[in-house]
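Student: I need the structure of the sequence given here:
(3 chains)
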Amino acid sequence: MVYEAITAGGFGSQPFILGYIITAMISGLLFLYLPRKLDVPQKFGIIHFFIVVWSGLMYTNFLNQSFLSDYAWYMDWMVSTPLILLALGLTAFHGADTKRYDLLGALLGAEFTLVVTGLLAQAQGSITPYYVGVLLLLGVVYLLAKPFREIAEESSDGLARAYKLLAGYIGIFFLSYPTVWYISGIDALPGGLNVLDPTQTSIALVVLPFFCKQVYGFLDMYLIHKAE
Amino acid sequence: MVYEAITAGGFGSQPFILGYIITAMISGLLFLYLPRKLDVPQKFGIIHFFIVVWSGLMYTNFLNQSFLSDYAWYMDWMVSTPLILLALGLTAFHGADTKRYDLLGALLGAEFTLVVTGLLAQAQGSITPYYVGVLLLLGVVYLLAKPFREIAEESSDGLARAYKLLAGYIGIFFLSYPTVWYISGIDALPGGLNVLDPTQTSIALVVLPFFCKQVYGFLDMYLIHKAE
Amino acid sequence: MVYEAITAGGFGSQPFILGYIITAMISGLLFLYLPRKLDVPQKFGIIHFFIVVWSGLMYTNFLNQSFLSDYAWYMDWMVSTPLILLALGLTAFHGADTKRYDLLGALLGAEFTLVVTGLLAQAQGSITPYYVGVLLLLGVVYLLAKPFREIAEESSDGLARAYKLLAGYIGIFFLSYPTVWYISGIDALPGGLNVLDPTQTSIALVVLPFFCKQVYGFLDMYLIHKAE
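Tutor: Numbers count the residues shown, from 1 in each chain, chains lettered A, B, ... in the order given. As a prediction, this is how the structure comes out:
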C-alpha cells in the first residue's frame, strides 16, 4: 500500500515531510496575525490557517502509521483543497457586487468530489473513477477561468489582476496533482506510467502543496493588500 | 457482508448497476445544461448534478471491491439524500417570501442522521438504531407535509402544486428505502423479514434511486419551469 | 483497543451508557417542544436536538461492537461539540447587531480539528497531535472569552449575563475532556498519566457530556427565555 511504499528503502522523503508539517504550523500562526497587519478581512486569515493546519496534521500519518496512512493525501485534500478554492472564490467576490454562491458551491463541491474519485480509484484498484475526477477538475478550471474571472473583473483593476494571478497559479498547480498521481510508480495508485518512484512521488506531494498552501496563503493576502 | 451477498451467484444485478452509473453521469451533464434552456435558477442544476454524480461514483464500489463496498449505499445516501431534500426545500422557498433556514437545517440534518442509523444498525448487527432512523424519517415527512408545504403555498398556485407533487413523490420513495432495507434477505442487514433475496435487494436499490435522482432532477426542473 | 478496555472486567459503565442514551433521546424530543413553550427561536431547539440525538446514537457503538467502537467518542464529538459551540455563538449573536460569521467559522473549525487531533493521537499511538489540539482548544477558549463575549455585551444585560454563564460553563467542561483523555489508563490513549482506569474513564465520558449536552440544552434555552 501507499504508506509501505513511501517509507520503504530509508524513507527518503521523511525530512521533507517533517519540514512541511513544521512550516505548516508556523504559517498557520502567521496567517492569523497577518490580516490585521495587512488590513485584509480576517476571514482570509482564518481560511488559510485551517488549510495549513489541517494539511500538516494529516501529514503526521506518514510519520506514525495509522489506519489513515494509506489515504492520508485524500484526507488532507478533501478538506484543504476546497478551502483553497473558497479563499480564491472570496478573493473574486471581494469588492465585486455579484456574489454567486451557487457557483461557489459548485466549485467546492466539484473539488471535494474529484478528491474522492482519487480515493475511490486507489481503494478499488481501478482507474475509471480517476477519469471522472479529471473531468471534474476541468470543470473547476472552467469555473475559475470564466465566471469567477468575470466576477473579479467587476471589481477594481488591481483586485481583478490579483485574482487572475492567483487563479492561474492555483490552476496550474491543481493540474499538476493528478499528473503526479498518474505518473507515480506506487503500485496502489492505478495510474498507467511509472515515471516517479515512491520517494519522488512523496517529495512531489510535499513540494506541490507547499506552494498551494504555505506560499499561496501569503500570496493571497499580500495581493489583496496591494490591490486595495 | 453486503458486497459478497450481492455479487454471489452470478451477480445478477450487475447490468442494472452499470446502467445506473451510466445514466447518472449522462443526466449529470444534462442537469448542468437544462437550467439555461428551461429558465430555471442554475442552483437547481448544480444540486441535481452532484446528486447523480456522487451516487454514480459510490455505486462503482459494487463493480470493484473496496473498503467502502459493504457500506456503499450509506456513503451514497449520506450526501445525495440531503441534497435531494435541499432541492425540494429550495423549490418550496422559490418565489416564497419566507425562507426558514432553521427548518432547512433540520430537514437535511434529520436525513443525514437517519442514513447514519442504517449504517450503525448494519455495523453493530443491531436493529435498534434503525428504529431511531424511522422516527427521524417520520420527522422528515412531517416537515415536508406541513411547514414546507405552507411555505410553498405562499408562492404562486403553480409553484405550490409543483412542490406538492414533488414532495409526495419523494415522500413515498423515501418511505420505500427503509422498507426494502428491512425486508431484505441480506444477512448483514438486521431487518426481520427475508422477502427480497440479495440480488432483488440490489436491483430495488437501483430502481428506487433511479426515480429519486435521475428522474427527479428532470421532474423538479421541468415543474419549476412550467409553473413560472 | 478502547472498546475492549472499557467492556473488560464486567463492563461496569454499561448502566451509565444506557442511561446516557435514553436521557439523550428523551431530551431530544423535549428540545423540539421547548422553544415554542419558552418563546425562544426554534433554531436553538433544532441544534440541541441534533447534539443529543447524534451523541446518543454514537454511544450505541459501546453497547454493540462495530468498526466505529474504538473511535466512537471522536465520531460523537466531531459533530456534537461544534454544534454545542454553534448554539453558544448564536446565543452571543442573539439580540446583537454584530454577527461575525468568520469568527463563528473559526470557532467551529477549531473545535472540529481539535477532536480530529485526539483521533489522530490514538490512531498513530503518538501524543504529538494531542498537543496541537490543546493549542486549538486554547484558541476556542480565547474566542469565547474575548470576541464572542464582546458581541454578547452589545445586546441586553440579561443576554450578556446568560452568554457569560453559558460560556464559562462550556469552557470549564471543554477543558475537562482532554484532561480525562490525558489521565486515562486506557492503553490506546497515549496520555502520560494513568489516574483513571478504563471503567472510570468511560464513566467520566458519560458524566461530562451529560452536562455539556442534556443539561446544557435546557440551560441555554431557559437562560435565553429568562433574559428576554
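
Student: buried set for stretch A:112-126?
Tutor: Buried positions in stretch A:112-126, judged by neighbour count with 16 or more other Cβ atoms under 10 Å in any protein chain shown: A:112-124, A:126. From N, CA and C alone the C-beta is placed, and that goes for glycine too.

Student: one more: stretch A:137-145?
Tutor: A:137, A:139, A:140, A:141, A:143, A:144.

Student: okay, the residue nearest the centre of chain A and residue B:85: tell me how far apart.
Tutor: Taking Cα atoms, centre = their mean as the criterion, residue A:81 is the residue nearest the geometric centre of chain A, at 3.9 Å. Taking Cβ to Cβ, to the nearest Å as the criterion, residue A:81 is separated from residue B:85 by 27 Å.

Student: and what of residue A:13?
Tutor: 44 Å.

Student: try residue A:29
Tutor: 40 Å.

Student: give the contact list for the nearest residue to residue A:39 once chain neighbours are set aside.
Tutor: Once flanking residues are discounted, residue A:39 sits nearest to residue A:225: 6.4 Å by Cβ to Cβ, 6 or more residues apart in numbering or on different chains. Under the criterion of Cβ atoms under 8 Å, 6 or more residues apart in numbering or on different chains, the neighbours of residue A:225 are A:38, A:39, A:40.

Student: reformat those residues into a markdown table and put distance to residue A:189 next to each item.
Tutor: Supplementary listing: the contacts of residue A:225 in a markdown table, determined by distance: Cβ to Cβ, whole Å:
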| residue | distance to residue A:189 |
| --- | --- |
| A:38 | 39 |
| A:39 | 44 |
| A:40 | 38 |
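
Student: just the buried residues of those residues.
Tutor: Of all these considered here, the ones buried according to neighbour count by 16+ other Cβ under 10 Å are A:38, A:40.

Student: hmm, back to that, ok, the residue nearest to the centre of chain A touching residue A:111?
Tutor: Yes. With contact taken as Cβ atoms under 8 Å, residue A:81 and residue A:111 are classed as touching, separated by 5.2 Å.

Student: please identify which of the contacts of residue A:225 is nearest to chain B.
Tutor: When the contacts of residue A:225 are compared for distance to chain B, the smallest value, 28.7 Å, is given by residue A:40; criterion: Cβ to the nearest Cβ.

Student: where do the helices sit along chain A?
Tutor: A:2-7, A:14-38, A:42-63, A:72-93, A:101-124, A:128-145, A:147-154, A:157-182, A:198-209, A:216-227 (DSSP state H).

Student: JSON lines for these, including mean pLDDT and distance to residue B:6?
Tutor: Converted to JSON lines, those look like this (pLDDT from 0 to 100; distance: least, Cβ to Cβ, whole Å):
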{"stretch": "helix A:2-7", "mean pLDDT": "95", "distance to residue B:6": "28"}
{"stretch": "helix A:14-38", "mean pLDDT": "97", "distance to residue B:6": "40"}
{"stretch": "helix A:42-63", "mean pLDDT": "98", "distance to residue B:6": "32"}
{"stretch": "helix A:72-93", "mean pLDDT": "98", "distance to residue B:6": "25"}
{"stretch": "helix A:101-124", "mean pLDDT": "98", "distance to residue B:6": "15"}
{"stretch": "helix A:128-145", "mean pLDDT": "98", "distance to residue B:6": "19"}
{"stretch": "helix A:147-154", "mean pLDDT": "96", "distance to residue B:6": "41"}
{"stretch": "helix A:157-182", "mean pLDDT": "97", "distance to residue B:6": "30"}
{"stretch": "helix A:198-209", "mean pLDDT": "96", "distance to residue B:6": "34"}
{"stretch": "helix A:216-227", "mean pLDDT": "96", "distance to residue B:6": "44"}
